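Novice: Fold the following for me, if possible:
(2 chains)
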2 protein chains.
Amino acid sequence: MREAFTEQLDEVSDELVNMTRMVGSAMNRATQALLDADLKLAEEVIAADAAIDTLTSEIEDNCFDLIALQGPVASDLRVVIGALRIASSLERMGDLAEHVAKQARMRYPNTAIPQELRGTFAEMGGIAESIVSQTGAVIATKDVSLATDIARHDQQMDYFHRELFRIVLAPSWSHGVEAAVDVTLLSRFYERYADHAVSVTKRVVTIVTGEPYAGVALDSAG
Amino acid sequence: MREAFTEQLDEVSDELVNMTRMVGSAMNRATQALLDADLKLAEEVIAADAAIDTLTSEIEDNCFDLIALQGPVASDLRVVIGALRIASSLERMGDLAEHVAKQARMRYPNTAIPQELRGTFAEMGGIAESIVSQTGAVIATKDVSLATDIARHDQQMDYFHRELFRIVLAPSWSHGVEAAVDVTLLSRFYERYADHAVSVTKRVVTIVTGEPYAGVALDSAG
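Specialist: Below you'll find the predicted structure:
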């Protein structure tokens, strides 16, 4: 019984790691589509979201079966419930990547962002890539020391998010209202993406340590 | 055993209904704070979010205990897992109300929205009020026929959301970039609030009917 439980739980954990790869790849390609006004790539990201949703449902079903058939209690149950929530957050990260791709598609053949902000969005895409890859590593290894790095990445993302607001609202902004609106929404999608990665990390830390994470600024995400 | 399960589940259901009232009141007051540039009210909404978060944790603990102690399977287990997710969505609705209040606070003593858009935001606040109150009714009564009305309210919210984009992006927009950015974010908060209400409703429908809701346009929310 115990062995079957551990085995099935390992499978769920592998699926979650797989999901971090999928939503990582989605955000990477969405960022590329945004920077290059690449319609084909944007369409691919949008189409690929269905596979992420399907995997989410599979993980949910597996967690459900695990609870129903193995009847875990105490910390075992917390792990399975935690996995369910991690799947929800990852699914939402996939949605946010899709939102970025849709914004790129909407403005095609133009780019949704002014040339001078390409560097900032490239940075944010890079942070998204790092944070999701480390989130996958936390799930795979249960090495909670990675949480510090993830929190740092989240702070960097917040920095760029605030920076974009500053640029858009400065009197020197010369790209008009539409570009300002686009940048505002896009920036929020990246910021929320990092928030969800933090949220996943906090769940892993809570599962591993049995206590809420109380380290550096793992701010709340919902 | 069965009786204890039903009793505890009823308690969870009551707590969820209570939560819809709290996040409904939060969005109502946030809208008022936004329309009137009422700093005190905005501060109250922001402070009150902690109570919503506490209730979320209590519901989570109760669901957890229910699973661990009663060992529900099949449809009973689905109800409890569904309740966990409903609590997450409602908690997020509370966050969105808090975001609206924070936006109102940030622009005080000015209003965050131009005079001419007051009517639209008042409408969106009204829709938020209706949708959350009906969401509470769905949870309390399990009357899934209410889902049609909720979907209709969500469509109205989407309509105003698109309408605001149209106004902000029109050449006649005379309020500058900052107001455009504020309106964009605020509009998104209301739209996401309605999305989460739809998401809650879909979960109740799935629990009651045993099948995913396939009615009018209950679009995906995440």
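Novice: Now do the helix or strand residue A:47 falls within, average pLDDT.
Specialist: Residue A:47 is part of helix A:39-70, with elements assigned from DSSP states H and E. For helix A:39-70, mean pLDDT is 96.
Novice: Would you mind listing the buried residues in the strand or helix carrying residue A:183?
Specialist: Assigned by DSSP H and E, residue A:183 belongs to helix A:176-209. Buried residues in helix A:176-209, counted by 16 or more other C-beta atoms under 10 Å in any protein chain shown: A:177-205, A:207-208. C-betas here are computed from N, CA, C, even on glycine.
Novice: What of stretch A:153-161?
Specialist: By 16+ other C-beta under 10 Å, the buried positions in stretch A:153-161 come out as A:153, A:154, A:155, A:156, A:157, A:158, A:160, A:161.
Novice: Can you tell me the element the first one falls in?
Specialist: Applying DSSP H and E as the criterion places residue A:153 in helix A:146-169.
Novice: thinking again about what came up before, among the buried residues of helix A:176-209, which ones lie close to chain B?
Specialist: Among these, the ones lying near chain B by C-beta under 8 Å from any C-beta of the partner chain are A:177, A:178, A:180, A:181, A:184, A:185, A:188.
Novice: so who does the fifth one touch?
Specialist: Taking C-beta atoms under 8 Å, 6 or more residues apart in numbering or on different chains as the contact definition, residue A:184 lies against A:164, A:165, A:168, B:181, B:184, B:185.
Novice: And for the third one?
Specialist: Residues in contact with residue A:180 (C-beta under 8 Å, 6+ apart) are A:168, A:173, B:177, B:180, B:181.
Novice: Repeat that for the first one.
Specialist: Under the criterion of C-beta under 8 Å, 6+ apart, the contact partners of residue A:177 comprise B:168, B:169, B:173, B:176, B:177, B:180.
Novice: What number of residues are in the vicinity of residue A:25?
Specialist: 17 (other C-beta atoms under 10 Å in any protein chain shown).
Novice: Next, residue A:210: phi, psi?
Specialist: Dihedral angles of residue A:210 (phi, psi; degrees, to the nearest 10) stand at phi 80, psi 0.
Novice: Report how many residues lie close to residue A:16.
Specialist: By other C-beta under 10 Å, the residues close to residue A:16 number 23.
Novice: for the one 10 residues further on, same thing?
Specialist: The criterion is other C-beta under 10 Å. On that basis, residue A:26 has 28 neighbouring residues.
Novice: I'd like to know how far it sits from chain B.
Specialist: 14 Å (C-beta to the nearest C-beta, to the nearest Å).
Novice: Residues of chain A that sit close to chain B?
Specialist: So far as C-beta under 8 Å from any C-beta goes, chain A lies against chain B at A:64, A:67-68, A:71, A:73-74, A:77-78, A:81, A:84-85, A:88, A:91-92, A:95, A:165, A:168-169, A:173, A:176-178, A:180-181, A:184-185, A:188, A:222.
Novice: try 6 Å
Specialist: A:68, A:71, A:73, A:77, A:92, A:95, A:169, A:173, A:177-178, A:180-181, A:184, A:222 (C-beta under 6 Å from any C-beta of the partner chain).
Novice: Run the chain-centre distance for the helix holding residue A:153.
Specialist: Its chain's C-alpha centre and that of helix A:146-169 lie 14 Å apart, by C-alpha atoms, centre = their mean, to the nearest Å.
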